Every structure is written in structure tokens, then in C-alpha cells.
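J.: Sequence and computational prediction follow.
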Amino acid sequence: MILAFSVAPSGGESSSDGSVSEAVAQAVAVVRASGLPHRTSSMFTEIEGEWDEVFDVVKRATEAVAKYGSRVSLVMKADIRPGFTGELDGKLERLERAIEGGAPGTPARGRHS
């Protein structure tokens, strides 16, 4: 499974610009220490593994962020595809191939009809 999640504190002290980067850094540190395949972007962290191990990491990341406020916001989206691994990169590779090959009815990049 791939799980994309975003976790942030509220109800606590934040920087003058409202940044929660210190708290989020703690969550990302938990993900990195897990050893599971992962990727962090400006909005979400994606993590890949088995159901129990992924949710354990998300729980621990949420607990790390909870120290920064009286509440925690957690948003999750999962792609559950039994029997598949390496999809964190595999999905993107297939997407790039599709873009290069062109979608049905659409000229591929660099080609003109």
C-alpha cells in the first residue's frame, strides 16, 4: 500500500508567520527512521509498506506532532493494491511512459499531427 498523509498541529505556539515546519520535521524524521520507502513533498509525505507497518509509522508521526499543539490535523489517502510493491516509483514511471507515448487521441510531446 501507498499512503499519502499530512499532519500538522494546531492550538499551540507557532512561528510569527504561522509555520509548522518544526513540528512537521519531527513527523518526517519518524518516517525516515522507519526504513520504509517514502517521499516528502511540500504538501504530503508518501510512505509504502504493509498496512500495519505504514499505520504504525503514521501513528508515531502524529504523536510526534502532538507535542506542538493541543490538536492535530491528519489527512490521509491510501492506494491499497495487494501483491504490488515498489509502486512509489512504479506509478510515476508508468505515468511518464504514458506522457511520452501520448494519451489516446492526444499527440505525444514533440510530435505534431
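T.: Cool, the structure landed.
J.: where along this protein do the strands fall?
T.: For the chain, the strands defined by DSSP state E occupy 2-10, 38-40, 45-48, 71-79.
J.: Now the second one: buried residues?
T.: Spelled out, that is strand 38-40. His38 (16 or more other Cβ atoms under 10 Å). C-beta here means a position set from N, CA and C on the backbone, and glycine is covered the same way.
J.: Let me know which of the strands of the chain is tucked in deepest.
T.: strand 45-48 (a mean of 22; mean count of other Cβ atoms under 10 Å).
J.: Make TSV from the strands of the chain and add distance to Arg97 to it.
T.: Shown next, in TSV, are these (distance: least, Cβ to Cβ, whole Å):
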stretch	distance to Arg97
strand 2-10	19
strand 38-40	19
strand 45-48	20
strand 71-79	18
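J.: Tabulate those (CSV), appending mean pLDDT.
T.: As requested, these are arranged in CSV below (pLDDT from 0 to 100):
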stretch, mean pLDDT
strand 2-10, 96
strand 38-40, 97
strand 45-48, 98
strand 71-79, 97
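J.: nearest to Val57, of those strands?
T.: Smallest distance to Val57 across these (Cβ to Cβ): 5.9 Å, for strand 45-48.
J.: Which elements pack onto that closest one?
T.: In terms of contacts (3 or more Cβ pairs under 8 Å, 6 or more residues apart in numbering; DSSP states H and E), strand 45-48 is packed against strand 2-10, helix 21-34, strand 38-40, helix 51-66, helix 87-101.
J.: tell me the mean pLDDT over the last one?
T.: The one in question is helix 87-101. Helix 87-101 comes out with an average pLDDT of 93.
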